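Chemist: here you go, sequence then predicted model.
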Amino acid sequence: MAQHHEIELRVEQGIARFTLNKPATHNALTLDMLRTLDEGLAQVEGLAEIRCIVIGSASARFFCSGADIKEWGDIDPAEMGSRFIRAGNRVFRRIREMDVPTLAVLSGHALGGGLELALACDFRYAAEGIKLGLPEATLGAIPGWMGAQRLCALAGAGRMHQLVMLGDTLDAQQARAWGIVHEVVAKEQLEDHVQAICARLAARSPAALAVGKRLMRMIEPQALDIAHEFAASVCKGTADAREGVAAFREKRPADYRGVQDHAPLPHRHPAG
């Protein structure tokens with residue numbers, strides 16, 4: 001990805017680091033920033049050496065203040081849905097579906113779309129003293145990038161209602177108690193702590209992490225596509241599948257041997 005002054009990408013030691021760097025607007029997300037992030041994710045998605053993706057901020061005060069109201073405030077309703085919301089959901093879905101672990105480093109406040117961006121990641125580590133919230137209701141809006149649904153899965157419906165409907169903000173420790181962030185760390189220790197987490201993840205089997213992520217996504221709403229992906233992957237890994245493809249190419253009847261000749265397959269639904 002070509003470097004973009006508002007979102008920087010650096011790859012080193014198996015870690016792809018995306019840094020939001022638009023301090024004048026507290027890293028408020030524009031369509032251009034979403035496109036840049038999407039392009040960068042697409043680039044690192046195909047790199048075998050990438051073991052973790054870290055999304056952080058160059059700002060001392062904000063991780064991300066949300067969607068840029070100067071950009072979406074004046075667009076018409078149809079364009080809001082078809083362009084702004086769709087673009088964000090596409091990028092956040094890509095983050096969610098990456099096979100490698102994704103980590104949000106909340107060194108500053110995460111509000112609105114900024115919190116939604118963090119919620120799309122697998123792990124969230126927060127600095128002491130930051131605030132998190134979904135204040136869209138105070139602007140006559142709603143969280144548009146699946147933040148409410150992801151928040152509900154982490155903290156429950158009641159707490160989702162409190163944040164979404166009242167527009168409340170939480171401090172980092174309260175967010176930790178609610179299960180929204182994994183750990184709260186002193187700001188000066190946050191980067192080292194995340195680096196240590198990345199090192200631990202890099203020591204794990206990439207294949208196990210990728211399959212495990214897909215398995216965990218199966219319990220999420222609207223995850224039937226993941227079940228199909230998992231089932232197709234299991235089937236494709238069998239000797240029967242290899243025999244079927246070979247027989248087709250060689251224009252002969254297939255000689256299927258059944259499950260007993262292959263590696264064990266799941267005996268029940270993997271999420272069961």
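Modeler: The structure has been received and is ready for your questions. What you see is a predicted model, and the numbers here were worked out from it, not measured in a lab. Residues are numbered from 1 along each chain as shown.
Chemist: CA atoms for contacts and neighbours, from now on please.
Modeler: Fine.
Chemist: host element of Ile180?
Modeler: Under DSSP states H and E, no helix or strand contains Ile180.
Chemist: tell me the phi and psi of it?
Modeler: Backbone torsions for Ile180, taken as degrees, to the nearest 10, come to phi -80, psi -40.
Chemist: hang on, it packs against Ala153?
Modeler: No - contact criterion CA atoms under 8 Å: Ile180 and Ala153 do not qualify, at 9.6 Å.
Chemist: more crowded one of those two?
Modeler: Ile180 (25 against 16; other CA atoms under 10 Å).
Chemist: residues contacting the closest residue to that one other than its chain neighbours?
Modeler: In space, and not counting its chain neighbours, Ile180 is closest to Leu154: 6.1 Å by CA to CA, 6 or more residues apart in numbering. Going by CA atoms under 8 Å, 6 or more residues apart in numbering, Leu154 touches Trp178, Gly179, Ile180.
Chemist: Leu154 and Ala175, how far apart?
Modeler: To Ala175, Leu154 is 10 Å away according to CA to CA, to the nearest Å.
Chemist: low-confidence ranges in this structure?
Modeler: 1-4, 220-236, 259-272 (pLDDT under 70).
Chemist: thought Cys64 was touching Ser107, still the case?
Modeler: No - between Ser107 and Cys64 there is no contact under CA under 8 Å: 9.8 Å.
Chemist: list the residues that contact both of the two?
Modeler: Each of Ser57 lies in contact with both Ser107 and Cys64 under the rule CA under 8 Å, 6+ apart.
Chemist: the more surrounded of the two?
Modeler: Ranked by neighbour count (other CA under 10 Å), Ser107 and Cys64 place Cys64 first, with 33 against 27.
Chemist: identify the residues contacting that one.
Modeler: Per CA under 8 Å, 6+ apart, neighbours of Cys64: 20, 26-29, 57, 108-111, 113-115.
Chemist: domain map for the protein?
Modeler: Per automatic domain parsing, the structural domains of the chain span 7-202, 206-261.
Chemist: need the buried ones from the contacts of Cys64 selected in PyMOL.
Modeler: The buried residues among these can be selected in PyMOL (16 or more other CA atoms under 10 Å) with this line:
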select buried, resi 20+26+27+28+29+57+108+109+110+111+113+114+115
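Chemist: out of the contacts of Cys64, list just those in helices.
Modeler: Taking DSSP state H, the ones among those that sit in helices are Gly113, Gly114, Leu115.
Chemist: just send those back as TSV, with distance to Asp168 too.
Modeler: Output for these, formatted as TSV (distance: CA to CA, whole Å):
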residue	distance to Asp168
Gly113	15
Gly114	15
Leu115	13
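Chemist: so where do the strands sit in the stretch 151-272 of the chain?
Modeler: 169-171, 183-185 (DSSP state E, counting those that start in this stretch).
Chemist: any idea which of those is most buried?
Modeler: Mean neighbour count (mean count of other CA atoms under 10 Å) peaks for strand 183-185 among the strands of the stretch 151-272 of the chain, with a mean of 20.
Chemist: which residues sit against that strand?
Modeler: Contacts for strand 183-185 (CA under 8 Å, 6+ apart): Arg124, Tyr125, Ala126, Ala127, Glu128, Ala172, Gln173, Arg176, His193.
Chemist: give the pairing partners of that strand; include direction for each.
Modeler: Note on strand 183-185: by DSSP bridges, its sheet partners are strand 123-127 (parallel).
Chemist: and after the partner strand, which helix or strand comes next?
Modeler: By DSSP H and E, the next helix or strand past strand 123-127 is strand 131-133.
Chemist: what's in contact with that following strand?
Modeler: So strand 131-133 is in contact with 108-112, 115, 163, 167-172, 175, going by CA under 8 Å, 6+ apart.
Chemist: direction included, what does it pair up with?
Modeler: Strand pairing (DSSP bridges) places strand 131-133 next to strand 109-111 (parallel), strand 169-171 (antiparallel).
Chemist: could I get these in CSV, plus columns for distance to Arg214?
Modeler: Converted to CSV, the strands paired with strand 131-133 look like this (distance: least, CA to CA, whole Å):
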stretch, distance to Arg214
strand 109-111, 26
strand 169-171, 30
